[in-house]
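Novice: Here you go, sequence then predicted model.
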Number of protein chains: 4
Amino acid sequence: MPPENDVARLVVSCRDRHGIVAAISSTLADLGANIVTSAQHSTDPENGMFFLRLEFHLDGLAACLPQVEERLADVAEQFAMTWRLSLANRRKRVAIFVSKQDHCLFDLLFRWQRSELPMEVDCVISNHPNQEVAVTALGVPYHHLPVTRETKAGAEQAALDLLAGRVDLVILARYMQILSPEFLGAIGAPVINIHHSFLPAFVGQNPYARAYERGVKLIGATAHYATPDLDEGPIIEQDVERVWHVHTAADLTRVGRDIERLVLARAVRWHLEDRVLVHGNRTVVFLS
Amino acid sequence: MPPENDVARLVVSCRDRHGIVAAISSTLADLGANIVTSAQHSTDPENGMFFLRLEFHLDGLAACLPQVEERLADVAEQFAMTWRLSLANRRKRVAIFVSKQDHCLFDLLFRWQRSELPMEVDCVISNHPNQEVAVTALGVPYHHLPVTRETKAGAEQAALDLLAGRVDLVILARYMQILSPEFLGAIGAPVINIHHSFLPAFVGQNPYARAYERGVKLIGATAHYATPDLDEGPIIEQDVERVWHVHTAADLTRVGRDIERLVLARAVRWHLEDRVLVHGNRTVVFLS
Amino acid sequence: MPPENDVARLVVSCRDRHGIVAAISSTLADLGANIVTSAQHSTDPENGMFFLRLEFHLDGLAACLPQVEERLADVAEQFAMTWRLSLANRRKRVAIFVSKQDHCLFDLLFRWQRSELPMEVDCVISNHPNQEVAVTALGVPYHHLPVTRETKAGAEQAALDLLAGRVDLVILARYMQILSPEFLGAIGAPVINIHHSFLPAFVGQNPYARAYERGVKLIGATAHYATPDLDEGPIIEQDVERVWHVHTAADLTRVGRDIERLVLARAVRWHLEDRVLVHGNRTVVFLS
Amino acid sequence: MPPENDVARLVVSCRDRHGIVAAISSTLADLGANIVTSAQHSTDPENGMFFLRLEFHLDGLAACLPQVEERLADVAEQFAMTWRLSLANRRKRVAIFVSKQDHCLFDLLFRWQRSELPMEVDCVISNHPNQEVAVTALGVPYHHLPVTRETKAGAEQAALDLLAGRVDLVILARYMQILSPEFLGAIGAPVINIHHSFLPAFVGQNPYARAYERGVKLIGATAHYATPDLDEGPIIEQDVERVWHVHTAADLTRVGRDIERLVLARAVRWHLEDRVLVHGNRTVVFLS
């Protein structure tokens, strides 16, 4: 995955109406840019929401970026767009939060090392010291911030001090502490979480044990953006694996780990590539 | 699927302890029977629950059935077993309940016509007249029992009068009325239901619309035994299909129909072949 | 699925180069049309292939269709596009070919009856008389064209006489005769076929028996456009189902039927909605 | 996964006939053993093949093992059984072969470190030096045995010298050299291989590039026992992942890596737990 110079990604959402695509594409053509890929979605052409993701190539993009942004800002204002522009060769900077269970953490780091995930890893933050050796051996800073009921506010502040202004994304890779609305409001970056999911759903403690008691036939995982409403933010990706009566609660937990790894890695990749647009509690995920 | 003469299925559950399999297999050997297939499961060999399903062949089985049952009853008493014995060539007799949505009904009837489901169809009961022509054209009796709040008890009684002592299984193939605990207690046959399922779960009205609002990425269906605790009985089978932001609520409903058909047909087949054992709120499904 | 008046679908493929989208969208804007949905794909912006599918709404479309086509033809000529325009409310007319196995046939007809597939069924053609009663009961003409080695050319000619100029699509719903290159050349409509598929692949007779012998763990089906190179045309859709050692060859065949139904129905739906573009031996399937 | 003392696994295959289960279970009862789990399969009770896997518990098993084996040998002789007995607390010793692609290697080692795979890792053997640092950091010996056309026989002999009599299983975790029939004959342990698989199948070089050209919609992987007939040994496990036209050949390769990891890990786990029985070119996999 070599850095793609001179390529930018434009992500747009606004009320749908006539002329949006024409306005953007003619502006880009005017600037001499070539649209490489483009995907769009409308919930309803009559006053629904419109979503667009496109990649364009423009020789010497970095140099003329301010000019491009200015022109796009004009179009955006005209259509009351929410928009962002990212350079494809500017990797997003992420912090990974983890607790004792480290399968998601090391799966992400393994993919990062092998250039499967286009990101820079700023640091790993954990409320346990367990993975410090293995993480620092990969050249990634590791911050151990223990959390008890008494120290939670302090630990969150310490994390904010470490991350403020430094990261574009926070990944909760099986971080078993509930982040406060204050933290989520102050972190200034989207937060992706992974959690188990079952049919039917089990809320609360020991979900795998309860799924076993209920005799579920599918074990699932859901990756979503974290919101103050825990485990209820916009869903990015979900998947399941089949289980049988032969699986013990421990087996369900093990199978769940495999799905969690895959689902979180897909959600993170799509976010890093600016493929996920949020509208209310839904996501639009442009795979093309 | 020709009738398998001289083959019986024995299904057993009891507390696990030493010697269960030896007692059963030596009893069958004594009777001259040959075990064709056998599957067993124990939740814990130390005082857990033990489950067994086996098929055996015995020349002239029909004639000596009372003797076989007597010998098995002795073993069953010794181990305090719950057990049942069914002849493989005796097809179970089923009644199918349906409302306006008929995709599950006709899927079951199609499979039945083509000998995919080893059952006799006693009748179809509906609270709507819609499928009468198509069902009776297949030679299956159709009873239209309208249900309003006022007539519900009477309609349930009419269904009981039609089915009492006649059916081995009731299939709710998208029957949109809630059966009363009284009906479930009086019907004298297991009842299999199919319902949608989502991650996360949506209880109540318009689940597909709410799943759409929530932006789920998977649509599922669950087949389960009906209990007075609606939609909460022991799960027999579940499956899911992937959806995207491009799917409207109507699309989700359509995709859901396909999964419902498959999941219900699998659950019914397994029940008809005596593959499903219930323990508390869990099922053991012996596919082999 | 009510007919969507005033909506057309435009499908385009050509060499990728600057300005394609701008040219089309400004032409449509000029005509007063509103783009409802749009999806595009490029194999490589530097001289790769470009694919586009868009739906647009234009008041009074039917009346001004010639003018729209003329304007689009100008753009098409400029970029050497392959293109087609279809009215969303003009359902495609299909002929379904079938042999003795009828699960795909009746699955398609069931969906058609319930408005899941936006098509008109011109007729069913079979080399066996088996389904005549059930098909004609649905109001669909049924032509029995027996095929032997000697009569094959005549039967194909009879089918051509029946269908020539009447159908937009031919569906081979488990039609077990190999259509000659001459027929495929003369039919004047795309042909969609469904066949089993396995890992590894088994070519030739009795594939399910051979898959059983090989102990495969997955049973699959592939829907593809038929080409003179049998079972090798562009793939539209594939899916699989898991099987175990407990499945007999007959079980594999039964499981295969379920996947074939689903895969063929999806492929047909996508074709009917003009979502499938062919390039060489690949397809681009725009689900959005 | 603590070592399970006093538990043994018995795996049996033979021609099916009356009395097999009774003979084994009464022998075990005689010895004072308690059957913990048992699964069996018969391809045909009339002279088909019979397969059995059972776990039994016997106090002080290690001490009386010779006596147990002697008694079972008597039964085995009577029925001409192929059989083996393993102690559940004796972990199998494995050697892992790898080439440059290391996703399967590190996935196995990660699971091993976290007690997901009950095995001892004897060593890693590679024809490249790439993973030496990371592997030895985990405390696992790493042998770099370069292979060229000229040195192949020597490298295989060196591997045999390293492994002879030391390992119970060889895992080819994306080892890109073809092992000679001589090596497979001399290694004295089963060999599990993982390879990609597609519908349709692509034999030979650059399968992912060819799958891309063909526009496949599913990417798969197959784990199987290696035999002299390359990539054609008995299949243990298979799985697939869905792909679209938007996936480049590089994407297919990446998706393939995820499936390869999962499929190989499942196959290895099942083998380590003595769940896989081979008969001809088929496997019986007892998950319960």
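Specialist: Arrived safely. Numbering: from 1, shown residues only, chains lettered A, B, ... in the order given.

Novice: For the rest of this, base every contact and every neighbour count on C-alpha atoms.
Specialist: OK.

Novice: Nearest to chain D: which residue in the stretch 51-200 of chain A?
Specialist: Nearest residue of the stretch 51-200 of chain A to chain D (Cα to the nearest Cα) works out as residue A:116 at 7.9 Å.

Novice: ok, and what's touching the lengthiest helix in chain A?
Specialist: Longest helix of chain A, by residue count under DSSP state H: helix A:249-272. With contacts defined as Cα atoms under 8 Å, 6 or more residues apart in numbering or on different chains, helix A:249-272 is touched by A:91-92, A:103-104, A:107-108, A:117-119, A:171, A:173, A:192-196, A:208-209, A:211-212, A:219-224, A:236-241, A:243, A:276, A:285, A:287, D:116, D:258, D:262.

Novice: Cross these against strands and list the overlap.
Specialist: A:92, A:119, A:171, A:192-196, A:219-224, A:236-241, A:276, A:285 (DSSP state E).

Novice: Low-confidence regions, chain A specifically.
Specialist: A:1-3, A:199-204, A:230-231 (pLDDT under 70).

Novice: Over to the residue of it positioned farthest from its centre. Which of the three states is it?
Specialist: The outermost residue of chain A, judged against the average C-alpha position, is residue A:246 (34.6 Å), by Cα atoms, centre = their mean. When classified by DSSP: H, G, I helix; E, B strand; the rest coil, residue A:246 comes out as coil.

Novice: wouldn't it be in contact with residue D:38 here?
Specialist: No: using Cα atoms under 8 Å, residue A:246 is not in contact with residue D:38, being 11.7 Å away.

Novice: intersection of neighbour lists for those two?
Specialist: Taking Cα under 8 Å, 6+ apart as the contact rule, residue A:246 and residue D:38 both touch B:41, D:288.

Novice: quick one: contacts for residue A:118?
Specialist: Neighbours of residue A:118 in contact, by Cα under 8 Å, 6+ apart: A:1, A:91, A:92, A:112, A:269, A:272, A:273.

Novice: before we move on, the earlier item: how far out from the middle of the chain is the longest helix of chain A?
Specialist: From the chain centre to the centre of helix A:249-272 is a distance of 14 Å (Cα atoms, centre = their mean, to the nearest Å).

Novice: Near chain C, which residues of chain A? Just list them.
Specialist: Contacts of chain A with chain C, taken as Cα under 8 Å from any Cα of the partner chain, map to A:18-19, A:21-22, A:25-26, A:29, A:34-42, A:44-45, A:288.

Novice: May I see the buried residues of the longest helix of chain A?
Specialist: For helix A:249-272, a neighbour-count test (16 or more other Cα atoms under 10 Å in any protein chain shown) marks A:249, A:252-253, A:255-272 as buried.

Novice: ditto for stretch A:122-131
Specialist: Applying 16+ other Cα under 10 Å to stretch A:122-131 flags A:122, A:123, A:124, A:125, A:126, A:127, A:128, A:131 as buried.

Novice: can you tell me which two in those residues are farthest apart?
Specialist: In the buried residues of stretch A:122-131, two members sit farther apart than any others by Cα to Cα. They are A:122 and A:128, at 18.1 Å.

Novice: rewinding a little: and the ones in strands among the contacts of helix A:249-272 near chain B, which?
Specialist: Answer for the ones in strands among the contacts of helix A:249-272 near chain B (Cα under 8 Å from any Cα): A:236, A:237, A:238, A:239, A:285.

Novice: Would you confirm that the first one contacts residue A:225?
Specialist: Put plainly, it is residue A:236. Yes: assessed by Cα under 8 Å, residue A:236 is found in contact with residue A:225 at 7.3 Å.

Novice: The two: which has the busier surroundings?
Specialist: Neighbour count, other Cα atoms under 10 Å in any protein chain shown: between residue A:236 and residue A:225, residue A:236 has more, with 29 against 23.

Novice: measure that one to residue A:181 for me?
Specialist: Distance check for residue A:236 against residue A:181: by Cα to Cα, to the nearest Å, it reads 20 Å.

Novice: residue ranges of the helices in chain A, please?
Specialist: Under the criterion DSSP H, chain A carries helices at the ranges A:20-31, A:61-79, A:103-113, A:132-137, A:152-163, A:181-186, A:207-214, A:249-272.

Novice: Now do the contacts for residue A:44.
Specialist: Residue A:44 touches A:16, A:50, C:36, counting by Cα under 8 Å, 6+ apart.

Novice: got those as JSON lines, with distance to chain B and neighbour count columns?
Specialist: Shown next, in JSON lines, are these (distance: Cα to the nearest Cα, whole Å; neighbours: other Cα atoms under 10 Å in any protein chain shown):
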{"residue": "A:16", "distance to chain B": "15", "neighbour count": "21"}
{"residue": "A:50", "distance to chain B": "12", "neighbour count": "22"}
{"residue": "C:36", "distance to chain B": "13", "neighbour count": "23"}
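
Novice: Which of those residues lies at the shortest distance from residue D:70?
Specialist: Using Cα to Cα, residue A:50 is the member of the contacts of residue A:44 that lies nearest residue D:70, at 75.7 Å.

Novice: my read: the closest one touches residue A:40, true?
Specialist: Yes: Residue A:50 is within contact range of residue A:40, at 7.4 Å (criterion: Cα under 8 Å).

Novice: picking up where we left off before, the residue lying closest to the residue farthest from the centre of chain A once chain neighbours are set aside: how many residues sit nearby?
Specialist: In space, and not counting its chain neighbours, residue A:246 is closest to residue D:288: 5.5 Å by Cα to Cα, 6 or more residues apart in numbering or on different chains. Neighbour count for residue D:288, taken as other Cα under 10 Å: 19.

Novice: now do residue A:285
Specialist: Residue A:285 has 24 neighbours, counted by other Cα under 10 Å.

Novice: Dig out what the closest residue to chain C within the stretch 101-250 of chain A forms beta bridges with.
Specialist: Nearest to chain C, among the residues of the stretch 101-250 of chain A, is residue A:242, at 10.2 Å (Cα to the nearest Cα). Using DSSP bridges, the bridge partners assigned to residue A:242 are residue A:218.

Novice: any idea how far it is from chain D?
Specialist: Distance from residue A:242 to chain D, counting by Cα to the nearest Cα, to the nearest Å: 12 Å.

Novice: Tell me which residues touch that residue, please.
Specialist: Shown in contact with residue A:242 (Cα under 8 Å, 6+ apart): A:217, A:218, A:219.

Novice: Could you pick out the buried ones from those residues?
Specialist: Buried among the contacts of residue A:242 by 16+ other Cα under 10 Å: A:217, A:218, A:219.

Novice: Please produce TSV containing those residues, extended by distance to residue B:86.
Specialist: Converted to TSV, the buried ones among the contacts of residue A:242 look like this (distance: Cα to Cα, whole Å):
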residue	distance to residue B:86
A:217	26
A:218	30
A:219	33
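
Novice: before we move on, the earlier item: and which of the contacts of residue A:242 is nearest chain D?
Specialist: Nearest to chain D among the contacts of residue A:242 is residue A:217, at 14.6 Å by Cα to the nearest Cα.

Novice: And the residue lying closest to that closest one once chain neighbours are set aside, its phi and psi?
Specialist: Leaving aside its sequence neighbours, residue A:217 sits nearest to residue A:243 (Cα to Cα, 6+ apart; 5.0 Å). Recorded main-chain torsions at residue A:243 are phi -130, psi 170, according to degrees, to the nearest 10.

Novice: what's the answer for residue A:33, then?
Specialist: The phi and psi values for residue A:33, taken as degrees, to the nearest 10, are phi -90, psi 150.

Novice: measure the closest residue to it other than its chain neighbours to chain B for me?
Specialist: Nearest residue to residue A:33, sequence neighbours excluded (Cα to Cα, 6+ apart): residue A:58, at 4.6 Å. Remark: distance between residue A:58 and chain B (Cα to the nearest Cα) = 30 Å.
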